[in-house]
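Peer 1: Sequence plus predicted model, see below.
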Amino acid sequence: MTIKPLIILPDPLLRQVSKPIERVDADFQRLADDMLETMYDAPGIGLAAIQIGVPRRMLVIDVSREGEEKQPLVFVNPDVVASSDERSVYEEGCLSIPDYYAEVERPATVTVKYLDRDGKEQMVEADGLLATCLQHEIDHLNGVLFIDHISRLKRDMVVKKFTKAAKSTKAL
């Protein structure tokens, strides 16, 4: 397993729509392991493949609490097939937008169809933190960031801050 470097805003790769995974094979298994290792190292609770520069429709999640046994989940080609009218608000952050957090309103529950780590079709009905995390990571697969769900003024300020930081890093 290898910890991969994270893609950070304003990298245009984060706006790319990821392509479906055709086969669940050894390369896929290695990618899943690398993504989990990278997510745990960051530390985070979710990671989309695009965040490590791989534009494929795959994500990993682990919403277990600190001190609990890890419960890694792998979602291949996930698709939200239903969502509730009821809404919930969570303070979200993102490994690709480090040290920035904002409250985001999303559907409280979602039903997601996906392939598991073994390539078997699955369906999960999620609520709470798992529902929020799934929606956040699936957004990544569609080139959408959590800051797209906040006010334009706040979003523009965040993008400007990260663009400036990226330019100063390149100047070094």
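Peer 2: All right, it came through fine. Computed from a predicted structure; not experimentally measured.

Peer 1: Quick one, grab the pLDDT at Lys167.
Peer 2: As predicted, Lys167 sits at a pLDDT of 88.

Peer 1: can you check the one 3 residues further on too?
Peer 2: The pLDDT attached to Lys170 in the predicted structure is 70.

Peer 1: Let's verify it: helix, strand, or coil?
Peer 2: helix (DSSP: H, G, I helix; E, B strand; the rest coil).

Peer 1: ok, so what distance separates it from Asp11?
Peer 2: 12 Å (CB to CB, to the nearest Å). The C-beta positions use only the backbone N, C-alpha and C, and glycine is treated the same way.

Peer 1: Could you check which of the two has the larger neighbour count?
Peer 2: Asp11 (16 against 7; other CB atoms under 10 Å).

Peer 1: which residues sit in contact with that one?
Peer 2: Ser96, Ala166 (CB atoms under 8 Å, 6 or more residues apart in numbering).

Peer 1: May I have the phi/psi pair for it?
Peer 2: Main-chain torsions, Asp11, degrees, to the nearest 10: phi -50, psi 120.

Peer 1: So the residue nearest the centre of the chain versus Val158, what's the distance?
Peer 2: Central residue of the chain (CA atoms, centre = their mean): Glu137, 2.8 Å from the mean position. To Val158, Glu137 is 19 Å away according to CB to CB.

Peer 1: Show me where this protein dips below the pLDDT cut-off.
Peer 2: 171-172 (pLDDT under 70).

Peer 1: The helix or strand hosting Lys167 packs against which elements?
Peer 2: Following DSSP states H and E, one finds Lys167 within helix 152-171. Where contact means 3 or more CB pairs under 8 Å, 6 or more residues apart in numbering; DSSP states H and E, helix 152-171 is packed against strand 97-107.

Peer 1: Would you pull up how far the host helix or strand of Val60 lies from the middle of the chain?
Peer 2: Assessed by DSSP H and E, Val60 sits inside strand 58-61. Strand 58-61 sits 7 Å away from the centroid of its parent chain (CA atoms, centre = their mean, to the nearest Å).

Peer 1: Check which helices and strands the helix or strand that it is followed by sits against.
Peer 2: Where DSSP H and E defines the elements, the next helix or strand beyond strand 58-61 is strand 73-83. Counting by 3+ CB pairs under 8 Å, 6+ apart, the packing neighbours recorded for strand 73-83 are helix 26-41, strand 58-61, strand 109-115, helix 128-141.

Peer 1: Tell me which of the ones you listed sits most buried.
Peer 2: Counting by mean count of other CB atoms under 10 Å, strand 58-61 has the highest mean neighbour count of these, with a mean of 26.
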